[in-house]
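take a look and give me a structure for this.
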Amino acid sequence: MTSRMIRIEQSTNLKAKPPQGELGFGKYFTDHMFMLDYEASQGWHDARIVPYQPLTLDPAAKVFHYGQTIFEGLKAYRGSDGCIRLFRPEANIARMNRSNARMSVPQLDSELFLAAIERLIEVDEAWIPSEPGTSLYIRPFVIATQPVLGVAPSEQYQFAIIMSPVGAYYPEGINPVRIFVESDHVRASVGGVGEAKTAGNYAATFMSQQTAKEAGYTQVMWLDAAQHRFIEEVGSMNVFFCMGGKVCTPALSGSILAGITRSSVIQLLKSWGITVEERAISIEEVYEAGRAGILEEAFGTGTAAVVSPIGELCWQGERLIIGAGRTGELSKRLYDTLTGIQYGTVEDRFDWMKDIDLQGIIRSDIME
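Numbering: from 1, shown residues only. This next block holds a predicted model:
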């Protein structure tokens, strides 16, 4: 019934699809988008799929002035068997509603949310790439649209979903990255909005990212706001350290995003009999472990890269080489297992993947 609630306006001006070898990340967008409106007097209404198009907003819309906006990111994969699968979409939907709650945005109906993703994939199925490592990136987002400058939550919103075919994150193989540890600026603080996937969290990182890149580093490692000692995230990824035969990752403290890939990695590690500690980890502890020779590996986790090995840290001018700057065995095993599950070549023992039955969606609509 929920799928039937979504009206569809087919595009009459279909785009040319780019070569799969030239996709990159977030450069091209499919022919259609999903939209849903909110008015305080009506709630969420008018679910629709329309041709991809610009949004028209009043200059006084609250999103521009007070940053009331949330987004998510997940992927659809075309397996070698031709089946199209989503990776843990229910977890992304739940996290978006947690972010909505923190940013005073009305909750979205989870059933409609998932139906919108499935129906949009059905409409733009031809955009899902098939070459190894490629996928269809799905970006749901909410913006506050009420044109009133009063400092209060908006009474009007738009929810949209856009999709982008993306290339392999590691076209030449998984390789370690060099990370600059930020000692002055912070990404978020406990009690703030660090655990919400809201736009301002990402804008706050750009200055440090630029500084790191100018120094020859790929990304920034963020420390806590209070003491500038305890590790939080690396770039926009959660981070893990293999030290003394255990895997340690910063505990979710309210300033760290609860990554879907993070929780999946923890489940995998525990299923392999590997001890995982979620706790406070100081940058001093990591450097001491490195000097003592018990820091075997470090890696980040996230939707885009899945697993990103870390080969070097630079903190207050001191370089720390991790694992001789090479990809560790555990990082590679995690990457191969997770991507194998996503593309259907490794058994999904956790029931993470959701098959998209395109014919089933069509049959359901006919029956209704």
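
who does the closest residue in space to residue 235 that isn't next to it in sequence form a beta bridge with?
Leaving out its chain neighbours, the residue that sits closest to residue 235 by CB to CB, 6 or more residues apart in numbering is residue 219, at 3.8 Å. C-betas here are computed from N, CA, C, even on glycine. Note on residue 219: beta-bridge partners residue 179, judged by DSSP bridges.

which residues sit in contact with residue 219?
By CB atoms under 8 Å, 6 or more residues apart in numbering, the residues touching residue 219 are 177, 179, 180, 209, 212, 234, 235, 237, 300.

residue 29 touches residue 163, doesn't it?
Yes - Residue 29 lies in contact with residue 163 (CB atoms under 8 Å); the separation is 6.8 Å.

comparing those two, which shows the higher neighbour count?
More crowded of residue 29 and residue 163, by other CB atoms under 10 Å: residue 163, with 27 against 17.

residues touching the more buried one, list them.
29, 30, 33, 76, 120, 121, 124, 127, 136, 137, 138, 139.

grab the nearest non-local neighbour of it.
residue 30 (4.6 Å).

that neighbour and residue 150, how far apart?
Separation of residue 30 from residue 150 (CB to CB, to the nearest Å): 37 Å.

for these two, indicate the residue with more neighbours.
Under the criterion of other CB under 10 Å, the comparison of residue 30 against residue 150 puts residue 30 first, with 24 against 10.

can I assume that one sits in a helix?
No - Residue 30: not assigned to a helix; according to DSSP: H, G, I helix; E, B strand; the rest coil it is coil.

test my guess that it contacts residue 166.
No - Residue 30 lies out of contact with residue 166 (CB under 8 Å); the separation is 11.5 Å.

which residues do the two both contact?
With CB under 8 Å, 6+ apart as the test, residue 30 and residue 166 both reach residue 136.

what's around residue 199, how many residues?
Residue 199, neighbours per other CB under 10 Å, totals 17.

same question but for residue 195, I mixed them up
Using other CB under 10 Å: residue 195 sits among 20 other residues.

cool, residue 11 as well?
17.

is it true that residue 319 touches residue 311?
No - with contact defined as CB under 8 Å, residue 319 does not reach residue 311; the gap is 10.7 Å.

of those two, who's got more company?
The residue with more neighbours, out of residue 319 and residue 311, is residue 311; 22 against 10, by other CB under 10 Å.

which parts of the stretch 1-150 of the chain are helices?
Taking DSSP state H, counting those that start in this stretch to define them, one finds helices in the stretch 1-150 of the chain at 62-66, 89-102, 110-123.

could you dump the last one to CSV, C-alpha only?
These are the backbone C-alpha positions of helix 110-123, laid out as CSV (Å, rounded to 0.1, in the frame of the first residue of the first chain):
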residue,chain,number,x,y,z
SER,A,110,10.1,4.4,8.0
GLU,A,111,7.9,2.3,5.7
LEU,A,112,7.3,5.2,3.3
PHE,A,113,11.1,6.1,3.4
LEU,A,114,12.1,2.5,2.4
ALA,A,115,9.3,2.3,-0.2
ALA,A,116,10.6,5.6,-1.7
ILE,A,117,14.1,4.3,-2.1
GLU,A,118,12.9,1.0,-3.7
ARG,A,119,10.5,2.8,-6.1
LEU,A,120,13.2,5.4,-7.1
ILE,A,121,15.6,2.5,-7.8
GLU,A,122,12.9,0.8,-9.9
VAL,A,123,12.4,4.0,-12.0
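
which residues does it contact?
Outside helix 110-123, the residues that reach it (CB under 8 Å, 6+ apart) are 2-3, 5-6, 8, 10, 30-34, 36, 44, 47, 49, 74, 76, 84, 86, 89-90, 93-94, 96-97, 128, 136, 138, 140, 161, 163, 356, 358, 361-362.

kindly report the same for stretch 320-332.
Contacts of stretch 320-332 (CB under 8 Å, 6+ apart): 174-176, 242, 247, 274, 286-287, 290, 295-299, 307, 309-314.

just the ones in strands from these, please.
Of the positions in these, 242, 247, 295-299, 307, 309-314 sit in strands, assigned by DSSP state E.

surely residue 70 touches residue 196?
Yes - the criterion here is CB under 8 Å, and residue 70 meets it with residue 196 at 6.8 Å.

and for those two, which residues touch both?
By CB under 8 Å, 6+ apart, the residues touching both residue 70 and residue 196 are 99, 103.

of the two, who's got more company?
Neighbour count, other CB under 10 Å: between residue 70 and residue 196, residue 70 has more, with 27 against 22.

beta partners of the more buried one?
Here residue 70 sits in beta bridges with residue 142, residue 198, as judged by DSSP bridges.

quick one on the thing from earlier: switch the ones in strands among the contacts of stretch 320-332 over to JSON lines; also include pLDDT and distance to residue 102.
Formatted as JSON lines, the ones in strands among the contacts of stretch 320-332 follow (pLDDT from 0 to 100; distance: CB to CB, whole Å):
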{"residue": "242", "pLDDT": "98", "distance to residue 102": "32"}
{"residue": "247", "pLDDT": "98", "distance to residue 102": "29"}
{"residue": "295", "pLDDT": "97", "distance to residue 102": "34"}
{"residue": "296", "pLDDT": "96", "distance to residue 102": "36"}
{"residue": "297", "pLDDT": "97", "distance to residue 102": "33"}
{"residue": "298", "pLDDT": "97", "distance to residue 102": "29"}
{"residue": "299", "pLDDT": "97", "distance to residue 102": "28"}
{"residue": "307", "pLDDT": "96", "distance to residue 102": "28"}
{"residue": "309", "pLDDT": "96", "distance to residue 102": "32"}
{"residue": "310", "pLDDT": "96", "distance to residue 102": "29"}
{"residue": "311", "pLDDT": "96", "distance to residue 102": "35"}
{"residue": "312", "pLDDT": "96", "distance to residue 102": "34"}
{"residue": "313", "pLDDT": "97", "distance to residue 102": "31"}
{"residue": "314", "pLDDT": "97", "distance to residue 102": "33"}
